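Chemist: Give me a model of this one.
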Amino acid sequence: MAKFKYILIVLFAVFVTACSTTKYLAPGQKLYTGGEVKITDKANTKKSEAKALSSELGGMLRPHPNTTVLGLRYKLWIYDKTRTNKRRGLRHYLNTHLGEPPVLASSVDLVKNANILQNRLQNEGYFIAQVSGDTISKKNSKLVKAVYTTQTGPAYHYRKVTFPNIDDDLNKAVTATQNESFLKVGDKYDLDVIKNERIRIDAKLKEKGFFYFAPEDLIMQYDSTIANHQVDIFVKVKGSTPDQATWIYKIRNIYVYAKYSLKDTSAKQDSAVKYAWYNVIDPKKTVRPFIFKNTVLLHPGDTYNRTEHTNSLNRFIELGPFSFVKNRFDDVTPDSPFLDVSYYLTQYKRKSLTAEIIARQTSANYDGTQFNLTFRNKNTFKGAELFNLTFFVSTDKQFGSYNNGFNVFQYGVQPSISWPRFVGPIDFNTDNAYIPRTTLTTGYTYIDRTRLYTLNSFSASFGYQWKPSVHKQYTLDLIDIGYVDAANVSQLYQDSIRKTRNPTLTHVINNQFTIGPSYSFNFDNSNEDFRKNSFYYLGKISESGSLYGLVTGADTLAGKVKKLFGTNFDQYVKLENEIRFFHKFGPNSKFAARFMVDVGLPYGNSTILPYSQQFFIGGPNSLRGFQARSIGPGSYYPPTTVTGASQFLPDESGDIKIEGNVEYRPKLFSIVEGALFVDAGNIWLMKPHYGLPGAAFGKNFLSQMAGDAGFGLRFNLTVLILRTDFGFPLFEPAATNHGIVDGTDFTGAAWHGSNMVFNLAIGYPF
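Modeler: Numbers count the residues shown, from 1 in each chain. Okay, here's the model as predicted:
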């Protein structure tokens with residue numbers, strides 16, 4: 001081992017020597033290694049403020065030095081090693097596409113950079129700031145660093161903020177926004193905040209009908225001659241503001257061109273069909289006029305409102321049949337300010353047929369392919385109804401230590417139709433940017449678990465989906481039906497059940513019939529990159545058979561097993577909760593955490609959740625130090641009588657699931673990101689079952705947690721994230737001493753080979 005370490009050290013030294021990038025410089029040339037901003041004015045800037053300013057100002061320095069990874073200028077090294085006079089070939093490609101020419105110290109303009117930094121400081125309230133630049137280089141060194149010494153001086157703060165006190169519509173509207181102003185007494189002067197204040201006021205005025213007003217019509221005057229480094233600022237409307245910008249506009253007529261083409265040169269308003277409060281121009285009658293009732297939010301006589309206007313544009317796109325929407329406002333002012341509004345809609349092709357081949361990895365560690373053939377009609381009944389009909393076929397092979405050739409083959413059909421409105425007796429409508437939807441979905445899937453069993457799976461659901469805001473979404477399925485029938489069970493599988501008496505194996509092939517509603521709520525602001533902290537939450541409650549079970553008095557434990565359509569129906573209540581938290585340490589590193597608590601309560605006609613509704617744990621998107629679905633329930637682990645008899649390890653499932661994951665995600669270089677993670681969790685049954693000792697949830701559930709740790713790499717290819725994770729189990733619920741940490745030699749090759757789990761997946765785990 002020691003000899004191996006010395007070899008690594010020698011190889012690393014040779015690599016560093018080989019990567020020297022200054023020996024190719026011409027005489028007198030020096031390589032620029034970057035700039036540093038030093039805030040020396042400790043009397044006027046706190047340590048935290050100085051650090052933030054140094055970081056901000058440092059990002060403004062130009063030019064950028066050569067790219068480095070672990071201190072090595074690998075792009076410059078490639079450039080030097082591949083220099084060529086040829087205009088084509090591999091060497092030329094490497095030199096021009098992967099290489100990077102040296103950034104020389106002679107290209108750095110110290111005076112220009114110093115002026116830029118000084119100007120930036122003045123824009124942030126340091127009116128008397130002074131910046132000077134110089135270079136630093138060690139004796140006989142070909143490396144040069146730039147240092148910018150900065151005296152900030154005192155920052156100027158607002159003493160008074162004054163809004164207009166003039167009695168006309170425009171000035172009164174500007175003053176009415178004062179309570180929400182970004183300019184606060186006591187805050188530091190900041191030019192960016194002032195610019196944003198003008199934009200804020202303009203946005204508020206656009207809600208009040210000032211259609212032609214612009215941020216440039218406002219002027220912010222300030223007086224910095226006040227004592228004690230204070231500023232008085234005055235918000236004013238420019239005297240040169242045009243008359244149109246001072247008027248409040250109202251809506252007169254609304255026109256919707258349902259099938260617009262660039263070839264159309266006439267307004268065609270003589271063919272308009274009036275419906276409700278708008279006019280539809282559609283000579284070929286490609287849509288029914290009522291579909292815009294949930295889309296056109298402006299009404300004749302309304303004061304112009306930009307939010308309602310932009311929400312209308314978004315809703316036109318959300319309808320589905322339209323690929324592009326543009327609008328025009330015509331000033332039709334006779335005696336008072338009025339606007340005619342026209343929406344021009346470009347339609348997609350109504351019908352389409354697509355085929356796709358998908359490479360995928362499922363939650364059970366199956367890698368495989370799927371072929372989909374989808375027919376789509378975006379305007380089925382001329383009411384913007386979206387009809388989908390998908391035929392699919394797939395095959396999946398399970399990799400890992402638990403694979404014994406029990407692969408999965410599937411085919412099926414999934415028809416669905418979606419209406420861009422609520423279908424039913426309730427006239428539900430919203431006035432935001434999102435259209436409520438009604439969805440009817442059905443499906444049939446044939447599942448062949450090679451050498452074990454085949455299943456016929458039928459499903460259907462009908463429900464609603466709506467979004468009250470960009471972050472929130474609700475889904476209510478009034479009815480969700482599922483039926484799974486075991487068509488063929490192999491003798492191998494039947495022998496496993498008979499010899500082991502394992503209820504898990506039996507549970508998989510039991511016929512399952514679920515019928516009931518479900519409701520879910522989702523909150524998500526994690527896609528907003530400007531947030532330092534962001535959250536994701538998904539909560540769902542669903543049930544099956546409650547009403548019918550109550551009517552029939554179903555009670556399995558009392559021997560009153562009831563049937564629906566000749567099949568035992570499942571009765572349960574299921575609650576699912578998942579919360580994610582993300583914290584940004586900086587632009588190139590993030591902390592991510594996830595916590596899940598899922599509980600299913602079987603009752604009445606059921607003593608255990610149907611297999612299709614149970615919870616699983618382990619695998620590439622769960623506990624990454626364990627094979628998918630190999631943990632639990634509780635401390636139960638299939639004895640050798642199970643695994644030996646059939647050479648098949650059943651997927652472990654439970655009625656309760658608790659899982660937590662934490663992950664640190666730093667960006668390493670280029671498209672490569674890293675990850676360090678820890679996972680913990682398990683599943684349990686709600687009630688004890690014969691043949692599954694230790695599987696029921698109890699007061700000792702914490703001691704039955706499984707845990708793992710590991711590391712991984714993510715390759716951000718823009719269109720997808722390719723992820724590799726290496727997980728190592730730390731605690732196994734079925735272990736005698738509840739853990740494998742104590743007395744374990746983690747450096748041993750035997751431990752690595754038998755315990756490390758490699759996961760290859762697409763996308764982040766959460």
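Chemist: How far does the helix or strand Asn759 falls within sit from its chain's centre?
Modeler: According to DSSP states H and E, Asn759 maps onto strand 757-762. Relative to its chain's centre, strand 757-762 lies at 20 Å (CA atoms, centre = their mean, to the nearest Å).
Chemist: and that strand, which residues are buried?
Modeler: For strand 757-762, the neighbour count (16 or more other CB atoms under 10 Å) marks Val757, Asn759, Ala761 as buried. All C-beta spots, glycine's among them, are computed from the backbone N, C-alpha and C.
Chemist: ditto for stretch 309-317
Modeler: His309, Asn311, Ser312, Leu313, Arg315, Phe316, Ile317.
Chemist: next one: stretch 168-188
Modeler: Neighbour-count burial for stretch 168-188 [16+ other CB under 10 Å]: Leu170, Asn171, Ala173, Val174, Thr175, Thr177, Phe182, Leu183.
Chemist: try stretch 658-673
Modeler: Ile658, Glu659, Gly660, Asn661, Val662, Glu663, Arg665, Lys667, Glu673.
Chemist: Equivalent analysis for stretch 550-557, please.
Modeler: Quick answer for stretch 550-557 (16+ other CB under 10 Å): Thr552, Ala554, Thr556.
Chemist: now, which of those residues lie within helices?
Modeler: Within these, residues falling in helices by DSSP state H are Thr552.
Chemist: Let me know the pLDDT of the residue most central in space within the chain.
Modeler: When CA atoms, centre = their mean is applied to the chain, the residue found nearest the centroid is Asn527 (4.7 Å). Note on Asn527: pLDDT of 87.
Chemist: Quickly find the element holding it.
Modeler: Asn527 belongs to no helix or strand, assigned by DSSP H and E.
Chemist: Give me the secondary structure label for Asp495.
Modeler: Put simply, Asp495 is helix when judged by DSSP: H, G, I helix; E, B strand; the rest coil.
Chemist: just the one 3 residues further on next, same as before
Modeler: Under the three-state scheme (three-state DSSP), Arg498 adopts helix.
Chemist: Next: Lys184.
Modeler: coil.
Chemist: First-to-last residue distance for stretch 211-227?
Modeler: 41 Å (CA to CA, to the nearest Å).
Chemist: Please apply the same query to stretch 39-58.
Modeler: End residues of stretch 39-58 are separated by 11 Å (CA to CA).
Chemist: Rounded mean pLDDT for that stretch, please.
Modeler: pLDDT averaged over stretch 39-58 gives 90.
Chemist: And that stretch, what's buried?
Modeler: Ile39, Asp41, Asn44, Thr45, Ala50, Leu53, Ser54, Leu57.
Chemist: if we can go back for a sec, which ones among the buried residues of stretch 168-188 map onto helices?
Modeler: Per DSSP H, the buried residues of stretch 168-188 map to helices at Leu170, Asn171, Ala173, Val174, Thr175.
Chemist: Could you double-check that the last one sits in contact with Asp167?
Modeler: In this case it means Thr175. No. If you go by CB atoms under 8 Å, Thr175 and Asp167 don't touch, sitting 10.1 Å apart.
Chemist: residues of stretch 272-280 that come out buried?
Modeler: In stretch 272-280, counting by 16+ other CB under 10 Å, buried: Ala272, Tyr275, Tyr278, Asn279, Val280.
Chemist: before we move on, what about stretch 470-486?
Modeler: Buried-residue list, stretch 470-486, by 16+ other CB under 10 Å: His471, Gln473, Thr475, Asp477, Asp480, Ile481, Gly482, Tyr483, Val484, Ala486.
Chemist: Fine, thanks again, bye for now.
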